[in-house]
Structures are given as structure tokens and as C-alpha cells.
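A.B. asks: My questions are about this predicted structure, shown below with the sequence.
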Amino acid sequence: MENWLDRTMRPMAAALQHDDMARLGIANTMRLSKGWNRLRHGRLQSGLRAEYRERWDELIAENGAPQGRPSLLRDGWALDTTRSLPHLDRLLEEGAQVVAERGGKRLKDTGKLFIQDILAAEDLERFPAILDFALSSEVLTAVADYLKAVPLLSRTLAPGVRLTESRADYDRSDGPPKESQLFHLDHHDCPLVYVIVLLKDVTPQSGPFCFLPAAASARAAAALGYRRRGRPYRVTDEEMFAVIDPAEVQKLIYPRGTVLFIDSSRCFHYGSRLAIDPRYQMMYNFVSACRTDLSELFMPLRSYPRRDGASRLRRLVLRQERPR
Ligand SMILES: [Fe+2]
């Protein structure tokens with residue numbers, strides 16, 4: 001609910017966020033944003049924590065008892081190569097339909113020519129497996145175990161759901177890697193969880209998603225003075241490999257149906273470098289109610305489709321219901 005405080009804060013929020021939080025520095029802006037969001041949404045976050053602490057078994061039972069043991073994040077990440085997560089086969093089929101309809105066409109001339117989101121707003125209604133997969137008890141257990149709260153699907157940046165297409169032939173600018181092709185830590189929340197599903201086999205020529213586990217990333221961040229004011233958001237390979245052994249980099253070169261859970265605010269990452277073989281990923285972004293950015297103040301808030309008979313957990317994650 002917007003109030004006068006939000007309206008007063010809005011112009012400042014956009015300015016603070018501009019150019020990857022350059023004005024005050026990333027760490028300062030994240031702290032300030034967290035404080036603001038605690039003031040505005042702290043009660044919601046406490047409720048989401050209490051739901052996880054006190055009623056998780058009940059929420060999960062109603063949402064559908066998990067089959068087998070979910071993969072839990074260790075050192076900031078977890079990989080599931082079993083291809084057994086619920087709704088995954090449907091998701092792969094429906095994802096392929098979106099790719100068949102919209103893949104291979106440059107949708108708009110954005111700055112990031114090497115990557116684009118090809119999911120349309122109506123796809124979440126047309127292709128129910130997209131949300132069913134993300135809201136399954138197995139996926140939500142992994143995310144909630146890490147965040148120690150019922151998670152929320154992001155409504156602003158980065159979008160809660162994307163189907164990204166990365167391909168080299170859209171990018172006509174030759175030159176070194178740029179933007180998200182360079183190492184960085186996301187700053188919109190911390191901790192957070194991304195769930196990445198490979199919709200097509202990823203080869204070394206697909207511009208694989210690459211990352212450093214959380215402990216190695218923390219060492220790198222300390223050595224680089226990362227997130228301090230004046231230190232750029234993006235880190236070149238030369239800078240990174242002056243402080244970290246390249247052998248520590250994990251590369252998401254796996255078959256279709258592989259799922260990565262990762263805290264991209266604690267694990268340095270990059271991707272979409274020279275994707276000669278186009279890469280297609282479904283990407284889900286789970287955050288808290290008290291983000292470390294101010295995007296909810298000045299961006300339109302996305303809402304997700306409602307479904308009759310949806311479980312309480314599903315409604316909580318999509319913000320269609322408040323915690324008790
Ligand atoms: Fe990122």
C-alpha cells in the first residue's frame with residue numbers, strides 16, 4: 001500500500017539506484033535500502049519467517065508432499081541433475097513452445113544485445129507448468145531452507161520469472177565481455193535465491209552461466225574491496241583471477257533439465273559470453289520482503305496469476321495472501 005512516505009522517497013530511490021548504486025556505493029545503498037524496507041515491510045518479513053519456523057510442515061503438506069529429498073544449498077548453491085523435480089518435464093515442453101514461438105527474433109534493441117527475456121506476460125497463464133515448477137514443494141523447500149523464511153517471487157528487478165535467450169548473433173559489437181558477461185554480485189537482495197533451469201543442453205559454446213561458490217566469492221570480494229563506494233560493479237577476469245584461482249569457477253555446462261539453485265548476491269557470476277550455440281534458461285528470482293534495493297518504490301509491481309484452489313504456500317509466495 002503506497003503512502004505519503006513512499007511518494008516522498010520515490011525520486012531519491014531512483015537516483016540512489018541509478019548506475020548500479022554508484023552514488024553512495026553498493027554496500028551503503030544496500031544497507032540503506034534494507035533499513036527502509038524493514039521499516040515498510042518488516043512486519044511482512046517477520047510473518048514470512050514465522051510461517052517457515054512454525055508452520056512449514058503444514059504449508060508443505062497442503063502444497064503437495066515432496067517426493068524424495070530436495071537439494072539444499074551449500075556454499076551458496078545446489079545442483080540438481082536428477083531431472084526428477086515435479087513438473088520439470090512439462091516445464092521443458094512448455095518452455096520449448098515459447099522458444100519455438102519467440103526464439104531467434106530480436107524483440108527489441110536493448111543495451112544487452114547478447115541476452116533477452118522472451119517470456120510474455122500472458123505466458124504464465126498459457127503455460128501453467130512455469131509457475132507450477134517454481135512453486136512445487138521441492139523447489140520451495142530448497143529456497144526456504146536457505147532463506148529461513150517463506151520466499152517471495154520478485155515483482156520488480158530482477159523479474160521473478162524470465163525465459164532468457166542468449167545468442168552471439170544479436171550482438172554486433174565486437175570486443176571484450178561487458179555488463180552481465182562480467183563477474184558481479186547481484187545487489188537487489190541479500191540473501192536471495194535464483195533457480196535456473198536449462199531448457200536446452202548447454203555446451204562450452206553456449207555462453208554457460210559461470211560462478212564462484214560463496215566462500216570463494218567472499219574472499220574475492222574482500223580482496224577487491226567489492227561493493228565499496230567508487231569500486232565498479234563489474235569485475236574483469238584479470239581482476240578476479242589476480243585474487244582467485246580460475247579453477248574455482250563452476251560452469252553450468254549440463255544437459256537440458258538441469259536445475260541450479262544459487263544465491264547470486266553471494267556467488268560472483270557471469271554468463272552469455274559469445275553464445276554461438278543459443279542458450280535458453282528459465283530463471284526464477286526469490287527474494288525477501290525487505291530487499292536491499294528500492295526498486296519497489298519506483299517500478300511497476302508485477303502481479304502473478306491467481307488460481308482457484310491454490311495452496312496457502314503458493315498464495316504467500318505470490319503475495320496473494322498475508323502471513324498469519
Ligand atoms: Fe547477475
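C.D. replies: Perfect, thanks for sending it.
A.B. asks: quick one, what contacts residue 145?
C.D. replies: 70, 72, 73 (CB atoms under 8 Å, 6 or more residues apart in numbering). Every residue, glycine included, has its C-beta placed from N, CA and C.
A.B. asks: mind checking the SS state of it?
C.D. replies: helix (DSSP: H, G, I helix; E, B strand; the rest coil).
A.B. asks: pLDDT of stretch 233-246, averaged?
C.D. replies: When pLDDT is averaged along stretch 233-246, the result is 98.
A.B. asks: That should have said stretch 184-201, apologies.
C.D. replies: Mean predicted confidence for stretch 184-201 is 98.
A.B. asks: in it, what counts as buried?
C.D. replies: For stretch 184-201, the neighbour count (16 or more other CB atoms under 10 Å) marks 184-200 as buried.
A.B. asks: With stretch 238-246 instead?
C.D. replies: 239, 240, 244.
A.B. asks: and it, how far from the chain's centre?
C.D. replies: 25 Å (CA atoms, centre = their mean, to the nearest Å).
A.B. asks: thinking again about what came up before, can you flag the buried ones in the contacts of residue 145?
C.D. replies: Using 16+ other CB under 10 Å, the buried members of the contacts of residue 145 are 70, 73.
A.B. asks: Cross the buried residues of stretch 184-201 against helices and list the overlap.
C.D. replies: Counting by DSSP state H, no part of the buried residues of stretch 184-201 is found in helices.
A.B. asks: Now distance to residue 228 too, for the contacts of residue 145, in TSV please.
C.D. replies: What follows is the contacts of residue 145, written out as TSV (distance: CB to CB, whole Å):
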residue	distance to residue 228
70	36
72	32
73	27
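A.B. asks: Hmm, which of the contacts of residue 145 is lowest in pLDDT?
C.D. replies: Within those, lowest confidence goes to residue 70 (79).
A.B. asks: Starting from residue 141, give me the distance back to it.
C.D. replies: For residue 70, the distance to residue 141 equals 4 Å [CB to CB, to the nearest Å].
A.B. asks: Wait, residue 316 touches residue 51, no?
C.D. replies: Yes. Residue 316 is within contact range of residue 51, at 6.5 Å (criterion: CB atoms under 8 Å).
A.B. asks: Between the two, which contacts overlap?
C.D. replies: 59, 150, 323.
A.B. asks: The stretch 101-250 of the chain: helices as residue ranges?
C.D. replies: 123-126, 129-134, 137-147, 214-224, 237-243 (DSSP state H, counting those that start in this stretch).
A.B. asks: now for the ones you listed, which one comes closest to residue 32?
C.D. replies: Closest approach to residue 32 among the helices of the stretch 101-250 of the chain is made by helix 214-224 (19.0 Å; CB to CB).
A.B. asks: contacting residues around the closest one?
C.D. replies: Against helix 214-224 from outside (CB under 8 Å, 6+ apart): 75-77, 185, 212, 226-227, 231, 235, 239-240, 243-244, 248, 263, 266-268.
A.B. asks: mind running it again at 10 Å?
C.D. replies: 27, 73-77, 183, 185, 191, 211-212, 226-228, 231-232, 235, 239-245, 248-250, 262-269 (CB atoms under 10 Å, 6 or more residues apart in numbering).
A.B. asks: Buried subset of those residues as a PyMOL selection?
C.D. replies: Remark: buried members of those, expressed as a PyMOL selection using 16+ other CB under 10 Å:
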select buried, resi 27+73+76+77+183+185+191+211+212+226+227+235+239+240+244+248+249+250+262+263+264+265+266+267+268+269
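A.B. asks: check contacts around residue 45.
C.D. replies: 37, 38, 149, 150, 152, 288, 289, 290, 291, 323.
A.B. asks: Could you rerun that using 7 Å?
C.D. replies: Applying CB atoms under 7 Å, 6 or more residues apart in numbering, we find residue 45 in contact with 149, 288, 289, 290.
A.B. asks: dump the residue contacts of the residue lying closest to it once chain neighbours are set aside.
C.D. replies: Of all residues not flanking residue 45 in the chain, residue 289 sits nearest, at 4.1 Å (CB to CB, 6 or more residues apart in numbering). Contact analysis of residue 289 by CB under 7 Å, 6+ apart lists 41, 44, 45, 48, 152.
A.B. asks: same check, this time on residue 225
C.D. replies: residue 231.
A.B. asks: What values do phi and psi take at it?
C.D. replies: phi 60, psi 30 (degrees, to the nearest 10).
A.B. asks: Please report how far it lies from residue 33.
C.D. replies: For residue 225, the distance to residue 33 - CB to CB - is 20 Å.
A.B. asks: Over to residue 12?
C.D. replies: When residue 12 is compared with residue 33 (using CB to CB), they lie 11 Å apart.
A.B. asks: got it, and residue 135?
C.D. replies: Where residue 33 is concerned, residue 135 sits at a distance of 27 Å (CB to CB).
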